[in-house]
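K.L.:
sequence plus predicted model, see below.
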Amino acid sequence: MTTTSAEKTGARTDEAADLITGARERIDALDDRIIGLVQERMAVSAVIQDARIASGGRRVNLSREMEVLGRYRDALGKPGTSLAMTLLELCRGRI
Ligand SMILES: C=C(O[C@@H]1C=C(C(=O)O)C=C[C@H]1O)C(=O)O
């Protein structure tokens with residue numbers, strides 16, 4: 001059985017369904033870019049961590065993590081802190 005665009009989008013008119021379909025394509029494209037940026041961030045973070053560990057230091061630097069958390073909180077509010085914590089976990093693993 002086929003799913004209509006109205007069913008897929010939850011819209012009640014064809015006009016709204018078309019708008020939502022187009023906007024969802026933009027969101028998918030944005031998400032692809034965000035995922036790519038997160039992967040790039042993970043790679044750069046790994047370079048820093050590896051260099052610090054090779055020099056005899058620790059993987060994690062808490063004072064720097066506080067700066068990162070603060071930037072996201074200042075820009076995005078409380079959920080920004082959660083987002084930054086998730087990014088840090090992706091980049092340096094769980095602590
Ligand atoms: C990348 C670093 O190493 C670790 C990872 C961080 C990050 O991904 O932002 C921040 C601090 C460190 O715990 C760094 O010190 O800058």
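P.N.:
Sure, I can see it. Numbers count the residues shown, from 1 in each chain.
K.L.:
roughly how far does Val60 sit from Glu89?
P.N.:
11 Å (Cβ to Cβ, to the nearest Å). Quick note: C-beta positions are derived from backbone N, CA and C, even for glycine.
K.L.:
for the longest helix seen in the chain, give the mean pLDDT please.
P.N.:
Among the segments of the chain that qualify as a helix by DSSP state H, the longest is helix 14-54. Mean pLDDT, helix 14-54: 98.
K.L.:
what's downstream of it, the next helix or strand?
P.N.:
Counting by DSSP states H and E, the element after helix 14-54 in chain order, helix or strand, is helix 62-76.
K.L.:
now do whatever helix or strand comes next after that following helix: everything it contacts.
P.N.:
Remark: after helix 62-76, the chain's next helix or strand is helix 78-92, criterion DSSP H and E. Helix 78-92 is contacted by residues 38, 41-42, 45-46, 49, 59-60, 65, 68-69, 71-74, 76 when judged by Cβ atoms under 8 Å, 6 or more residues apart in numbering.
K.L.:
which parts of the chain sit against the ligand?
P.N.:
Along the chain, the residues adjacent to the ligand under the rule Cβ under 6 Å from any ligand atom are Ser45, Ile48, Gln49, Val60, Asn61, Arg64, Glu65, Val68, Leu88, Cys91, Arg92.
K.L.:
next up, the contacts around the closest residue to the fifth one other than its chain neighbours.
P.N.:
So that's Asn61. Closest residue in space to Asn61, ignoring its immediate chain neighbours: Arg52 at 7.3 Å, by Cβ to Cβ, 6 or more residues apart in numbering. By Cβ under 8 Å, 6+ apart, the contact list for Arg52 reads Arg58, Arg59, Asn61.
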